[in-house]
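**Q** Any chance you could fold what I've pasted below:
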Amino acid sequence: MFDKAASLFTIIITLFAVLTGCGAEPGVIHAQLDRNFSLGQNETAVITDEDLEITLEEVIEDSRCPEGAICIWAGRASCVVQITSGKIPPYRMVLVQPGLADQYAEDTYLTYKLAFGILPYPVVGKEIKPEEYRLQMRISK
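**A** Residues are numbered from 1 along each chain as shown. Reported below is the predicted structural model:
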């Protein structure tokens with residue numbers, strides 16, 4: 001009797017974990033080609049139906065002219081990502097977005113086009129903490 005109850009309990013707990021997402025890897029999202037997604041620091045996007053993963057390691061520069069300021073240079077924001085594809089060794093690259101841009105910047109990796117933007121945009125007098133940055137992306141072929 002105890003074995004049947006224990007087995008039933010195990011099945012119920014496993015089913016509950018699957019249905020509530022408890023079995024999902026923390027910091028990993030599933031994204032699709034040609035669809036926007038967002039990554040925080042140390043989060044990884046696994047691109048569905050592609051052998052491709054991209055991880056936001058960190059924002060290494062944010063010299064964009066803040067809203068509410070008058071600047072002689074628009075500045076830029078840069079972040080380091082690690083891209084893994086198939087049997088190719090992981091590749092680290094720096095993505096650079098110009099300041100005052102209202103559209104995604106673009107770069108390429110192998111046959112993929114990376115469109116991206118770094119948020120939030122700076123505002124005069126407001127500090128952005130590293131964990132507040134988000135890399136907005138869309139990957140296409």
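
**Q** From here on, just use CA atoms for contacts and neighbour counts.
**A** Will do.

**Q** Residue ranges in this protein under the pLDDT threshold?
**A** Along the chain, the model assigns pLDDT under 70 to residues 1-25.

**Q** any idea how far the most centrally placed residue in the chain is from Gln32?
**A** By C-alpha atoms, centre = their mean, the chain has its centre lying nearest to Leu39, at 2.2 Å. Separation of Leu39 from Gln32 (C-alpha to C-alpha, to the nearest Å): 14 Å.

**Q** what are the ranges of the strands in this structure?
**A** 28-31, 37-39, 44-47, 52-62, 76-85, 88-98, 105-109, 112-119, 134-140 (DSSP state E).

**Q** Against Glu43, how distant is the nearest residue to Asp49 once chain neighbours are set aside?
**A** Nearest non-adjacent residue to Asp49, counting by C-alpha to C-alpha, 6 or more residues apart in numbering: Gln32, 7.8 Å away. Noted for Gln32: a distance of 16 Å to Glu43, by C-alpha to C-alpha.

**Q** likewise Lys126?
**A** 24 Å.

**Q** And these two? Which one has more around it.
**A** Neighbours were counted for Lys126 and for Glu43 using other C-alpha atoms under 10 Å; Glu43 has more, 18 against 8.

**Q** Now the phi/psi pair for that one, please.
**A** Backbone torsions of Glu43, given as degrees, to the nearest 10, read phi -100, psi 150.

**Q** wait, what's in contact with it?
**A** Contacts for Glu43 (C-alpha atoms under 8 Å, 6 or more residues apart in numbering) come out as Gly27, Val28, Ile29, Thr55, Leu56, Glu57.

**Q** phi, psi of the first one?
**A** For Gly27, the backbone dihedrals are phi 80, psi 10 (criterion: degrees, to the nearest 10).

**Q** Report how many residues lie close to the closest residue to Val28 other than its chain neighbours.
**A** Leaving out its chain neighbours, the residue that sits closest to Val28 by C-alpha to C-alpha, 6+ apart is Thr44, at 4.8 Å. As a burial measure, Thr44 scores 24 neighbours (other C-alpha under 10 Å).

**Q** and if you look at Ile54?
**A** Count around Ile54 with other C-alpha under 10 Å applied: 21.

**Q** Lovely, talk soon.
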